[in-house]
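Trainee: how would this look folded up:
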Amino acid sequence: MSATSSVALRSVKQILPAAPRHWVGDGFHVHPVFSNKAFTEELSPFLMFDYAVPQRFEPNNGSPRGVGQHPHRGFETVTIAFKGEVEHADSVGNRDVIKPGDVQWMTAGRGIIHQEFHSNEFSKKGGEFEMCQLWVNLPKTNKMTKPHYQPIVNKNIPVVDLKEASLDGECSEEPVGSVRVIAGSFLGTKGPATTFSPVELWDATIQKKGTVVDFPFPDDFNCIVFVRRGEIDIMNDSGDKKRVSAQGVALMKRENGSIRIQSDQKNTSLLIMGGLPLNEPIAARGPFVMNTWDEINKANRDYMMGNASVFSARPSSFAPRSITASLAWPRPDIALVILSVADRFFCSFLSVALLLELELKPKKERLRSDVEVLDPLLFDFMSDLEAAWQAEAMREDT
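Mentor: Take a look at the predicted model:
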């Protein structure tokens, strides 16, 4: 116990500094928050976390920025919009615009294909954009559940006042911040998200610099503290402090007790998350997260073969925009064939553009190296397809 408090406190296990940013599609410039801890049992049931810091986008009268159609299986995606708007569409028929403060909780389950872009309205006006996406693992018994979509609008997320921690037996009743309870519960207030395993997800703000706040957290849960804005110290029973800066994350020890946080800047913003570990094997590759590599291979086969009983609709059945229409390409028939085949190998727009030699040559080698590391199968496919395309071009020249 702390000498200044009778409250048991959790200790910091490890601090991960802000990781370098990378682009997801052409609309999301993100920090991979969990870095090399992603897809490990240390974070369970959370898997991955991308955070796009506030960034201004100029008005865009062309195709909206974002990520084209891609599949998922075996987990859930949680998208939180802080600024700007994200437009979602999927193969189950869901279509929605996530506005500031809104949350999209999508259960991929046995298989879903979706796409995410800046909304048409935001694209036309431009402005500041900030969002994040978390991946939450599904228990083995629920990985092949029916896909599901929870649109959680800002007004339906309960807000709980934060009070300053009692360090000397006295504390003010004046609120010093607030917590939006997205999932789980905080001080008896339950969040609206339905989950397949116990999960906590809180969006917290501490208004004043130097304020100390306690966040009670369920025993035996993994716990993660992400600093979205500002800087904090996390205090333990001995009074020691661990500093976490903006876009950094603290992995807490699995022990009983609250998380004691002191804000070092005004208007500090945090995401506090965690859950009961699933204690199951994690097999993850590309857009699929299962328990075994045989299950990953089956997911690849189901998607590439267009298994209608699992991936119930092909991308063309819900695409609101024509990719090929935006390509200044003299042979749209061939482009369509390449796009349809490449899509089954999870190609992004940039990957396809590389194959078609579309004004992206400066990004070509970087894209090649990224794909080679992330998905060797896709890299081999791209190399073979590009070689075939070049051979065809040489034949046309002769």
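
Trainee: how near is the residue most central in space within the chain to Trp202?
Mentor: With distances taken as CA atoms, centre = their mean, the residue of the chain nearest its centroid is Gln133 (2.2 Å). Distance from Gln133 to Trp202, counting by CB to CB, to the nearest Å: 17 Å. In this view, the C-beta of every residue, glycine as well, is placed from N, C-alpha and C.

Trainee: tell me which helix or strand the nearest residue to Leu271 once chain neighbours are set aside sits in.
Mentor: Excluding the flanking residues, the one nearest Leu271 by CB to CB, 6 or more residues apart in numbering is Phe226, at 4.4 Å. In this structure, Phe226 sits in strand 222-229 according to DSSP states H and E.

Trainee: got a list of contacts for the helix or strand following that strand?
Mentor: The helix or strand immediately downstream of strand 222-229 is strand 232-235, counting by DSSP H and E. The contact list for strand 232-235 (CB atoms under 8 Å, 6 or more residues apart in numbering) reads 2, 9, 12, 212, 225, 241-244, 250, 252, 259-264, 268, 270.

Trainee: which members of these are positioned in strands?
Mentor: 12, 212, 225, 241-244, 250, 252, 259-263, 268, 270 (DSSP state E).

Trainee: which among the residues you listed count as buried?
Mentor: Buried residues within the ones in strands among the contacts of strand 232-235, counting neighbours by 16 or more other CB atoms under 10 Å: 12, 212, 225, 244, 250, 252, 259-263, 268, 270.

Trainee: okay, the residues you listed in CSV with distance to Thr189 next?
Mentor: Shown next, in CSV, are these (distance: CB to CB, whole Å):
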residue, distance to Thr189
Val12, 26
Val212, 21
Val225, 19
Val244, 25
Ala250, 24
Met252, 21
Ile259, 17
Arg260, 20
Ile261, 19
Gln262, 23
Ser263, 21
Thr268, 21
Leu270, 17
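
Trainee: any chance of JSON lines for the residues you listed, columns distance to Ile157 and pLDDT?
Mentor: Formatted as JSON lines, those follow (distance: CB to CB, whole Å; pLDDT from 0 to 100):
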{"residue": "Val12", "distance to Ile157": "28", "pLDDT": "96"}
{"residue": "Val212", "distance to Ile157": "25", "pLDDT": "95"}
{"residue": "Val225", "distance to Ile157": "19", "pLDDT": "98"}
{"residue": "Val244", "distance to Ile157": "24", "pLDDT": "97"}
{"residue": "Ala250", "distance to Ile157": "24", "pLDDT": "97"}
{"residue": "Met252", "distance to Ile157": "24", "pLDDT": "96"}
{"residue": "Ile259", "distance to Ile157": "21", "pLDDT": "96"}
{"residue": "Arg260", "distance to Ile157": "25", "pLDDT": "96"}
{"residue": "Ile261", "distance to Ile157": "21", "pLDDT": "97"}
{"residue": "Gln262", "distance to Ile157": "26", "pLDDT": "96"}
{"residue": "Ser263", "distance to Ile157": "22", "pLDDT": "95"}
{"residue": "Thr268", "distance to Ile157": "19", "pLDDT": "97"}
{"residue": "Leu270", "distance to Ile157": "15", "pLDDT": "98"}
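
Trainee: which of those lies closest to Glu87?
Mentor: Comparing those against Glu87 with CB to CB places Leu270 closest, at 27.3 Å.

Trainee: quick check: buried residues in stretch 57-73?
Mentor: Of the residues in stretch 57-73, 57, 60, 63-73 count as buried by neighbour count, 16+ other CB under 10 Å.

Trainee: format those residues as TSV; extra columns: secondary structure and pLDDT.
Mentor: Converted to TSV, these look like this (DSSP: H, G, I helix; E, B strand; the rest coil; pLDDT from 0 to 100):
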residue	secondary structure	pLDDT
Phe57	strand	96
Asn60	coil	93
Ser63	coil	88
Pro64	coil	90
Arg65	coil	93
Gly66	strand	92
Val67	strand	91
Gly68	strand	88
Gln69	strand	87
His70	strand	87
Pro71	strand	90
His72	strand	94
Arg73	strand	95
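
Trainee: can I get these in JSON lines including distance to Ala283?
Mentor: Output for those, formatted as JSON lines (distance: CB to CB, whole Å):
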{"residue": "Phe57", "distance to Ala283": "36"}
{"residue": "Asn60", "distance to Ala283": "38"}
{"residue": "Ser63", "distance to Ala283": "35"}
{"residue": "Pro64", "distance to Ala283": "33"}
{"residue": "Arg65", "distance to Ala283": "32"}
{"residue": "Gly66", "distance to Ala283": "28"}
{"residue": "Val67", "distance to Ala283": "23"}
{"residue": "Gly68", "distance to Ala283": "25"}
{"residue": "Gln69", "distance to Ala283": "23"}
{"residue": "His70", "distance to Ala283": "19"}
{"residue": "Pro71", "distance to Ala283": "16"}
{"residue": "His72", "distance to Ala283": "14"}
{"residue": "Arg73", "distance to Ala283": "11"}
